[in-house]
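Novice: no sequence on this one, just coordinates:
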């Protein structure tokens, strides 16, 4: 016959109840960090696409259309600014700014919405 310590019943339940909120917050924080990292990569991709569009298409709204078409980003939070590059051989510089939404419960409201910038420069190819 085995004897257990008196009062040892339910110890694991109490430990789980104390630790579970901390574990949930850590999981939510990692999830939010992954979503922010994904958006940083998408902003860099949008910047490259916008610079390429500005380099090959003389239309003034080509960089904005290309950045929006790059995918995955909310167009209402996206700003695109192109500078330079009037003639072939010149350099055009495109800056994409994006306000990343932090939508994960609890963690998102603590962080606020960070703003990310990406700048890409390319040589103009259109005549």
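Specialist: Yep, it's here. Computed from a prediction, not measured in an experiment: that's the story for all the values here.
Novice: can you give me the strands in the protein?
Specialist: With DSSP state E as the criterion, the chain has strands at 78-84, 91-99, 115-123.
Novice: any idea how far residue 36 is from the nearest residue to residue 101 once chain neighbours are set aside?
Specialist: Spatial nearest neighbour of residue 101, chain neighbours left out: residue 113 (5.8 Å); criterion: C-beta to C-beta, 6 or more residues apart in numbering. Quick note: C-beta positions are derived from backbone N, CA and C, even for glycine. Distance, residue 113 to residue 36, using C-beta to C-beta, to the nearest Å: 10 Å.
Novice: mutual contacts of these two, please.
Specialist: Common contacts of residue 113 and residue 36 (C-beta atoms under 8 Å, 6 or more residues apart in numbering): 100, 102.
Novice: report the inter-axis angle for the longest helix along the chain versus strand 91-99.
Specialist: Taking DSSP state H as the criterion, the chain has its longest helix at helix 11-56. Relative orientation of helix 11-56 versus strand 91-99 (axes from the mean of the first three to the mean of the last three C-alpha atoms, to 10 degrees): 150 degrees.
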